[in-house]
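# sequence below, structure please.
(2 chains)
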Amino acid sequence: NAGVTQTPKFQVLKTGQSMTLQCAQDMNHEYMSWYRQDPGMGLRLIHYSVGAGITDQGEVPNGYNVSRSTTEDFPLRLLSAAPSQTSVYFCASSRQAGGPADTQYFGPGTRLTVL
Amino acid sequence: DAKTTQPNSMESNEEEPVHLPCNHSTISGTDYIHWYRQLPSQGPEYVIHGLTSNVNNRMASLAIAEDRKSSTLILHRATLRDAAVYYCILYGQNFVFGPGTRLSVLP
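Numbering: from 1, shown residues only, chains lettered A, B, ... in the order given. Just a heads-up that it's a prediction; the model follows:
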């Protein structure tokens, strides 16, 4: 089991560029989510998905798109990168869709810098 | 989402017990209390969770107050590897992180 994997580990973008952060899990988890973590802060929820074909917005969704065409993959798209999106991005998954007793598994993160 | 309050930072000596407190006075009856920790430059990792009763696992113990308005994560013997930010999270509908407690472990 690889768990939750994220690529790339590091990325530098120029303002206005677009890119996709990849997230995959091999645990057959229904629930997947994306967080961002700014320096010295806790994680904030960007988007989440309770199953293939279903996504919803979290606390800070502006500037990001997601889709969930398969159970395994949950890519995060930056449409037009801005310096305010400089952050570390974490993907997470759990077995059930929002089951409060479930453990969340986090990926290692993608460190994104927007110049 | 119910809110949690934790101290910004705490210090412990190596091989001593550590008690990390969390206040959650607005907890609802269906919220689970989760603890995660984040080691430097890593993603958060699960530590322990509970609903009403105290819980033990190989990493830590979780003591939950009878009224559920507070809880304490107990690391029985801190090691240098336990230096991390510890997050107390109430999980009902959404999984919301606060700023957490930064634990330093002194050799």
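
# okay, now the unreliable bits of chain B?
B:1-2 (pLDDT under 70).

# what residues does it put near chain A?
B:30-32, B:34, B:36, B:41-46, B:49, B:51, B:87, B:91-100 (Cβ under 8 Å from any Cβ of the partner chain). Where you see a C-beta, it was placed from the backbone N, CA and C, and this is true even at glycine.

# can I have the buried ones of these as a PyMOL selection?
Selecting only the buried entries of these in PyMOL, with 16 or more other Cβ atoms under 10 Å in any protein chain shown as the criterion:
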select buried, chain B and resi 31+32+34+36+43+44+46+49+87+91+92+95+96+97+98+100
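
# any bit of stretch A:88-96 sitting next to chain B?
Yes: legend: contact between stretch A:88-96 and chain B by Cβ under 8 Å from any Cβ is shown at A:90, A:92.

# and that stretch, average pLDDT?
In this model, stretch A:88-96 has a mean pLDDT of 93.

# likewise stretch A:44-54?
94.

# which intervals of chain A have sub-threshold pLDDT?
A:97-98.

# tell me where it has strands.
For chain A, applying DSSP state E gives strands covering A:4-7, A:10-13, A:19-25, A:31-37, A:43-51, A:54-57, A:64-66, A:76-78, A:87-94, A:105-106, A:110-114.

# now swap in chain B and tell me
Along chain B, counting by DSSP E, strands occupy B:9-13, B:18-23, B:32-38, B:45-50, B:55-56, B:61-64, B:70-75, B:84-91, B:101-106.

# okay if I get those strands as CSV plus distance to A:L45?
What follows is the strands of chain B, written out as CSV (distance: least, Cβ to Cβ, whole Å):
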stretch, distance to A:L45
strand B:9-13, 24
strand B:18-23, 20
strand B:32-38, 14
strand B:45-50, 17
strand B:55-56, 25
strand B:61-64, 23
strand B:70-75, 22
strand B:84-91, 11
strand B:101-106, 20
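
# A:G109: which of these is closest?
strand B:32-38 (9.9 Å; Cβ to Cβ).

# helices and strands around the closest one, which ones?
With contacts taken as 3 or more Cβ pairs under 8 Å, 6 or more residues apart in numbering or on different chains; DSSP states H and E, strand B:32-38 sits against strand B:18-23, strand B:45-50, strand B:61-64, strand B:84-91.

# among these, which is the most enclosed?
strand B:84-91 (a mean of 24; mean count of other Cβ atoms under 10 Å in any protein chain shown).
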